[in-house]
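Trainee: what's the 3D shape of this:
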Amino acid sequence: MSSPELNLADNWEFTELWVDPTASPPYVLILLGDSSGNSCVYDPAQNYQIVFASSDYQEAKLWLLEDEYERVERRLQLSAA
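Mentor: Numbering: from 1, shown residues only. Model (predicted):
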């Protein structure tokens, strides 16, 4: 059984941008989620390294909120082509 973080970058369903507004410039993290609820948080400043992975979106969201990140309003959905 493969872990969610191994396949999520290729099989994502949605992505969210989260920012730390207290940093200057604001620090950005990217959350990718799939249809099964798996979520990974990537850090673009660290060569898109995974900084958190979970099989539950709510757990990833709480992890970000705990560090006082704020979600950028709009969620980007994968469009069906």
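Trainee: Longest helix of the protein, counting residues only.
Mentor: Longest helix of the chain, by residue count under DSSP state H: helix 57-66.
Trainee: For that one, enumerate the helices and strands it packs against.
Mentor: Applying 3 or more CB pairs under 8 Å, 6 or more residues apart in numbering; DSSP states H and E, we find helix 57-66 packed against strand 27-33, strand 39-43, strand 49-54. Glycine gets a C-beta too; all of them are placed from N, C-alpha and C.
Trainee: which residues of this protein score low on pLDDT?
Mentor: Residue ranges of the chain with pLDDT under 70: 1-9, 75-81.
Trainee: hang on, the earlier thing: may I see the helices and strands packed on helix 57-66 arranged in a markdown table, with distance to Lys61 and mean neighbour count as well?
Mentor: Shown next, in a markdown table, are the helices and strands packed on helix 57-66 (distance: least, CB to CB, whole Å; neighbours: other CB atoms under 10 Å):
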| stretch | distance to Lys61 | mean neighbour count |
| --- | --- | --- |
| strand 27-33 | 8 | 20 |
| strand 39-43 | 8 | 22 |
| strand 49-54 | 9 | 16 |
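Trainee: on that earlier part again, partner strands of the helix or strand just after the longest helix of the chain and their direction?
Mentor: Sequence-wise, the next helix or strand downstream of helix 57-66 (DSSP states H and E) is strand 70-71. As defined by DSSP bridges, the strand partners of strand 70-71 come to strand 14-20 (antiparallel).
Trainee: could I have the strand it pairs with exported to CSV, CA atoms only?
Mentor: Provided in CSV are the C-alpha atoms of strand 14-20 (Å, rounded to 0.1, in the frame of the first residue of the first chain):
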residue,chain,number,x,y,z
PHE,A,14,-8.1,20.4,-5.4
THR,A,15,-5.4,22.7,-4.2
GLU,A,16,-5.5,25.5,-1.6
LEU,A,17,-3.0,28.3,-0.9
TRP,A,18,-2.3,29.1,2.7
VAL,A,19,-0.3,32.1,3.9
ASP,A,20,1.3,33.3,7.1
